[in-house]
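Engineer: Okay, predicted coordinates and the sequence, questions at the end:
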Amino acid sequence: MKTFKIGDEVDVVAVSTVEYVDDVNKQIVRRETEPFLAVIVGQAVKQLGRYSGGSHSQYFSPEYEPPSLTVTGTVTLWQVRTGMMSKPLLVQDDDLGGSIFEFRKFPRYGRKPKPKVDDSVEVVG
């Protein structure tokens, strides 16, 4: 698995979603897109497996069986955003492109850096 920091900007070539295929199997569905830049905002762990809807009888009846997901595996996906107010997208590790650079460096605690003064300039009053 690749290593990123929150705030790193990466190229994304495909977006993934976790969906129920055939209303029973929970799997990752990968959709290729035009390459775009996005910012890493975190990771998400998703569980894959087989869904059982349970019974449709009343909760207190002896025939009641609750719905369940039989987990067959887990997958860690990267969460990326294209903007500050955009919805996070899930991306697999292999779908992140090669150009990785730090998105922005803000001054510590929000302070502006002090302006550099050139000592060679003479101030005439």
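Structural biologist: Right, received. Where do you want to start?

Engineer: Which strand residues bridge the most centrally placed residue in the chain?
Structural biologist: By Cα atoms, centre = their mean, the chain has its centre lying nearest to residue 79, at 0.5 Å. Beta-bridge pairing of residue 79 under DSSP bridges involves residue 42, residue 90.

Engineer: who's in contact with it?
Structural biologist: Contacts for residue 79 (Cβ atoms under 8 Å, 6 or more residues apart in numbering) come out as 40-44, 88-91. In this view, the C-beta of every residue, glycine as well, is placed from N, C-alpha and C.

Engineer: How much space separates it from residue 53?
Structural biologist: 29 Å (Cβ to Cβ, to the nearest Å).

Engineer: List the buried residues in stretch 6-20.
Structural biologist: For stretch 6-20, the neighbour count (16 or more other Cβ atoms under 10 Å) marks 8-10, 12, 15-16 as buried.

Engineer: which non-adjacent residue is nearest residue 80?
Structural biologist: Closest residue in space to residue 80, ignoring its immediate chain neighbours: residue 38 at 3.8 Å, by Cβ to Cβ, 6 or more residues apart in numbering.

Engineer: Output the contacting helices and strands for the host helix or strand of that neighbour.
Structural biologist: Element membership for residue 38, per DSSP states H and E: strand 25-52. The contact analysis (3 or more Cβ pairs under 8 Å, 6 or more residues apart in numbering; DSSP states H and E) places strand 25-52 against strand 8-21, strand 68-81, strand 89-91.

Engineer: got TSV for those strands, with distance to residue 31 and mean pLDDT too?
Structural biologist: Listed next are those as TSV, based on distance: least, Cβ to Cβ, whole Å; pLDDT from 0 to 100:
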stretch	distance to residue 31	mean pLDDT
strand 8-21	5	88
strand 68-81	13	92
strand 89-91	10	94
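
Engineer: just to revisit the earlier point, my read: the residue nearest to residue 80 touches residue 88, true?
Structural biologist: No - in this structure, residue 38 is not within contact of residue 88 by Cβ atoms under 8 Å, at 9.5 Å.

Engineer: Those two - which one has more neighbours?
Structural biologist: With neighbours defined as other Cβ atoms under 10 Å, residue 38 and residue 88 compare such that residue 38 has more, 24 against 14.
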